[in-house]
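J.: Need a 3D model of the following:
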Amino acid sequence: MKEMSAMNRKLIQNLAERLSKQVKHFNKTEAEGLIRQFNGLVGDHPSVSGRTVHGLDRGKFRNILHNTFQMTDDMIMDRVFHAFDKNNDGFVSAKEWIEGLSIFLRGTLDEKIKYCFQVYDLNGDGYISREEMFHMLKNSLIRQPTEEDPDEGIKDLVEITLKKMDHDHDSRLSYADFDKAVREENLLLEAFGNCLPDAKNILAFEQLAFQT
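T.: This next block holds a predicted model:
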């Protein structure tokens, strides 16, 4: 048993060393902490079509977003999962976990703009359309029971947002539009829903992951 844990420790250290060179923002010790945390979160390896998969499935990943980072919007949580799951195999691997967290927790403004745009571009066509804005804002806004037609208010908000962010006036947001608008006004980074953690949750998460 001791040999086994020593072997596991060595494997984790080797993986951490490799990933800390490939991924920005985490040193080797931090990468090691994140891998150990990842292994604890994955638990028993799920079997898919007869092969063992070592990764976080959508359900476990969403639980982390909800319980650790206080995210509540189902649509946004699904999109964050897709942003982390780069190879689209339905699982977040250790490498994808660390790559994703490097932007999620410590990303530069450039990295966060790319990430948020990817989350908000629901169909992946390179644009955030009126319809996509409507769906995201409808989910993220608290409705007032007195409103006769709350959808009208959301449509108005979409138009206001387009007016502010749609620099080339083609009634949809390209990456260039989004990038320019966010650089002019940083608060627009999460204009369509919370897809990044706040400072308090980042601190709590890192303290847990990096404790020795």
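J.: mind checking which helix or strand of this structure has the lowest mean pLDDT?
T.: strand 47-48 (a mean of 46; mean pLDDT, DSSP states H and E).
J.: so where do the helices sit in the chain?
T.: Secondary structure of the chain, counting by DSSP state H: helices at 2-22, 28-42, 58-69, 74-84, 94-106, 109-120, 130-140, 150-165, 175-184, 199-210.
J.: least reliable of those helices going by mean pLDDT?
T.: The stretch with the lowest mean pLDDT among the helices of the chain is helix 2-22, at a mean of 78.
J.: what about dumping the CA coordinates of that one to PDB?
T.: Extracted in PDB, the C-alpha atoms of helix 2-22 (Å, rounded to 0.1, in the frame of the first residue of the first chain):
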ATOM      1  CA  LYS A   2       2.900   2.300   0.900                       C
ATOM      2  CA  GLU A   3       4.500   1.500  -2.500                       C
ATOM      3  CA  MET A   4       1.300   2.300  -4.200                       C
ATOM      4  CA  SER A   5       0.900   5.700  -2.600                       C
ATOM      5  CA  ALA A   6       4.600   6.500  -3.300                       C
ATOM      6  CA  MET A   7       4.000   5.600  -7.000                       C
ATOM      7  CA  ASN A   8       0.900   7.700  -7.100                       C
ATOM      8  CA  ARG A   9       2.800  10.600  -5.500                       C
ATOM      9  CA  LYS A  10       5.500  10.300  -8.100                       C
ATOM     10  CA  LEU A  11       3.000  10.200 -11.000                       C
ATOM     11  CA  ILE A  12       1.200  13.300  -9.600                       C
ATOM     12  CA  GLN A  13       4.600  15.100  -9.300                       C
ATOM     13  CA  ASN A  14       5.600  14.200 -12.900                       C
ATOM     14  CA  LEU A  15       2.200  15.300 -14.200                       C
ATOM     15  CA  ALA A  16       2.300  18.500 -12.200                       C
ATOM     16  CA  GLU A  17       5.800  19.300 -13.500                       C
ATOM     17  CA  ARG A  18       4.700  18.800 -17.100                       C
ATOM     18  CA  LEU A  19       1.500  20.800 -16.800                       C
ATOM     19  CA  SER A  20       3.100  23.700 -14.900                       C
ATOM     20  CA  LYS A  21       5.300  24.200 -17.900                       C
ATOM     21  CA  GLN A  22       2.400  24.000 -20.400                       C
END
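J.: Break this structure down into its structural domains.
T.: 2-108+198-210, 111-190 (automatic domain parsing).
J.: Adding mean neighbour count, write the ones you listed out as CSV.
T.: From N, CA and C alone the C-beta is placed, and that goes for glycine too. Formatted as CSV, the domains of the chain follow (neighbours: other C-beta atoms under 10 Å):
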stretch, mean neighbour count
domain 2-108+198-210, 16
domain 111-190, 15
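J.: so who does the residue lying closest to Phe84 once chain neighbours are set aside touch?
T.: Of all residues not flanking Phe84 in the chain, Gly100 sits nearest, at 3.7 Å (C-beta to C-beta, 6 or more residues apart in numbering). Shown in contact with Gly100 (C-beta atoms under 8 Å, 6 or more residues apart in numbering): 83-84, 92.
J.: next one: Ser93
T.: Residues near Ser93 by C-beta under 8 Å, 6+ apart: 54-55, 87.
J.: Thank you, goodbye.
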